[in-house]
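[1] Kindly generate the corresponding structure for this input.
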Amino acid sequence: MTCQGVPYQTRHVRFVDQLSLVAAQSAVATSRRFRRPALCKWQAAFVEDDVLLVASELVTNAITGAGAGILAEPPTWRELERLDLVHVRLVGLRDSVVVEVWDVSDEPPRLQRVGDDAEGGRGLVLVQELAARWGSYRAPGGKAVWAQLAVRPPLPRRPKGERPGGRPTTGPDAALLRRIRAGVDTAL
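    Numbers count the residues shown, from 1 in each chain. This is a model prediction of the structure:
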């Protein structure tokens, strides 16, 4: 069932990784390479296959929604300048991972029932089967489609002093910076 609105509250977020890509066919593979280390870092590699499949389907739909066709090899500058962006975000909650994909299309996602011989159109059916819940919401300049996948056991807690984006809230370690500078100075 499709639910409208953001599927989580900011205070429940443990980890966030996001990436902006050109809305081209290469975005699917690039986003897949981005998600693997994020899930490993979060100690959520056990849901990697499902997350990769759901995210690939959502990115593919976003590229299609952005109207991106197959580019010439190598693409011309004019072709590249006309492409929109697709934004992919992974959000780690206590017991789930949310995949969010933004695109420029205002069209909400629609489940399609296709025949056995059809070559496409099954993406959201797969998302619906794998996700605990999924939906979409309007975003500035387009929409976001999201899918929430259950995680068992729960994801580990974020270390104290670290923000959801993964950057520490405190300044850099002064002793480490001095050792790096000393190493650079001796190398010169």
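[2] Run through the residues that contact E129.
    With CB atoms under 8 Å, 6 or more residues apart in numbering as the criterion, no residue contacts E129. C-beta: built from backbone N, CA, C; applies to glycine.
[3] Could you list the low-confidence segments of this protein?
    Along the chain, the model assigns pLDDT under 70 to residues 1-6, 67-73, 75, 80, 114-121, 153-177, 180, 182-188.
[4] cutoff 50 now
    Filtered on pLDDT under 50, the chain yields the residue ranges 1-3, 168-169.
[5] Nearest residue to T60 in space, please, no chain neighbours.
    Spatial nearest neighbour of T60, excluding adjacent residues (CB to CB, 6 or more residues apart in numbering): V28 at 5.7 Å.
[6] Okay, strands next: where are they in this protein?
    Applying DSSP state E to the chain gives strands spanning 2-4, 15-22, 85-92, 96-103, 133-139, 142-150.
[7] can these go into CSV with extra columns for mean neighbour count?
    Below are the strands of the chain laid out as CSV (neighbours: other CB atoms under 10 Å):
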stretch, mean neighbour count
strand 2-4, 12
strand 15-22, 17
strand 85-92, 22
strand 96-103, 26
strand 133-139, 17
strand 142-150, 22
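[8] quick one: which of these is nearest L58?
    Closest to L58 of the strands of the chain is strand 96-103 (CB to CB; 4.1 Å).
[9] Tell me how far the closest one lies from the chain's centre.
    Centroid separation for strand 96-103 versus its chain: 5 Å, with CA atoms, centre = their mean, to the nearest Å.
[10] same question, stretch 98-107
    10 Å.
[11] First-to-last residue distance for that stretch?
    Using CA to CA, to the nearest Å, the end-to-end distance of stretch 98-107 comes to 21 Å.
[12] which parts of the longest helix seen in the chain are buried?
    The longest helix of the chain (DSSP state H) is helix 48-65. By neighbour count on 16 or more other CB atoms under 10 Å, the buried set for helix 48-65 is 50-63, 65.
[13] ok, so of those residues, who is nearest E107?
    G65 (6.3 Å).
[14] Now do the same contact list for the residue lying closest to the closest one once chain neighbours are set aside.
    Leaving aside its chain neighbours, G65 sits nearest to S105 (3.4 Å; criterion: CB to CB, 6+ apart). Neighbouring residues of S105 by CB under 8 Å, 6+ apart: A62, G65, A66, G67, G142, K143.
[15] Turn those into a markdown table, columns for distance to D17.
    Putting these into a markdown table (distance: CB to CB, whole Å) gives the following:
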| residue | distance to D17 |
| --- | --- |
| A62 | 17 |
| G65 | 22 |
| A66 | 22 |
| G67 | 27 |
| G142 | 21 |
| K143 | 21 |
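[16] Sweet, I'm off.
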